[in-house]
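Undergrad: below: sequence and its predicted model.
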Amino acid sequence: MVFRDSARIVCPESLATYDFEQWLEVPPARPDLSIRSPSICIAAPEVILLQQYDRVPCHEAPFTRRNLFLRDDFTCQYCGRKRPSDHLSVDHVVPRSRGGTTSWENCVLACVSCNARKADRNLKEAGLHLLRQPIRPRWTPYLNLRPSQRMDSWARFTPESRRKTASNF
């Protein structure tokens, strides 16, 4: 997009913008955050600015299993442990047998042991509490990233507080 002049690269520190030719002159600050070819090494842009867009994007994330894993950051919402996806399941806070719906506001990730402990009971009966209330997330262009994967340089441009540092990339 930058090469086709549809976007400009933004320097997160100074907010200066660069076109492709100007960006070629910026030396990469870190070799591990660069784009390489046999003849050139370019700093990898972390933030770009669209020159124009044709419509405001939709602000609702579709309710899917994948998006639920992303919203809850692959973390059990009862015990707080991060788990691989095959060790997590979708739990209905209000069980479906008691009128609960399959929705953003009623579904959370739970590890297998917490989900078995809760079973077909409500939170009070199971003696569990949620770490965070389940809410419908707003759609964002970076929804496909876990919150822990978002870079610190995005802080000025995004509302979330947890971000991944460039050194962890």
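TA: Perfect, thanks for sending it.
Undergrad: break the chain into its domains for me.
TA: Domain assignment of the chain by automatic domain parsing yields the ranges 1-54, 65-126.
Undergrad: so which of those comes closest to Ile135?
TA: Closest to Ile135 of those, according to CB to CB: domain 65-126, at 6.6 Å. Placement of C-beta: from N, CA and C, glycine included.
Undergrad: so how far is the closest one off the chain centroid?
TA: Remark: domain 65-126 is offset 19 Å from the chain centroid, using CA atoms, centre = their mean, to the nearest Å.
Undergrad: and what of stretch 31-46?
TA: The chain centroid and the centroid of stretch 31-46 are separated by 24 Å, computed with CA atoms, centre = their mean.
Undergrad: how many residues are close by Asn115?
TA: Counted by other CB atoms under 10 Å, the residues lying close to Asn115 total 18.
Undergrad: before we move on, what about Arg8?
TA: The tally of other residues near Arg8 (other CB under 10 Å) stands at 20.
Undergrad: residues contacting it?
TA: By CB atoms under 8 Å, 6 or more residues apart in numbering, Arg8 lies in contact with Val2, Thr17, Tyr18, Asp19, Ile48, Leu49, Gln51.
Undergrad: in a helix, it, correct?
TA: No - counting by DSSP: H, G, I helix; E, B strand; the rest coil, Arg8 falls outside a helix, being strand.
Undergrad: with Tyr53 as the reference, measure out to it.
TA: Per CB to CB, to the nearest Å, Arg8 is found 13 Å from Tyr53.
Undergrad: what sits closest to Val94 if chain neighbours are left out?
TA: Of all residues not flanking Val94 in the chain, Gly100 sits nearest, at 3.3 Å (CB to CB, 6 or more residues apart in numbering).
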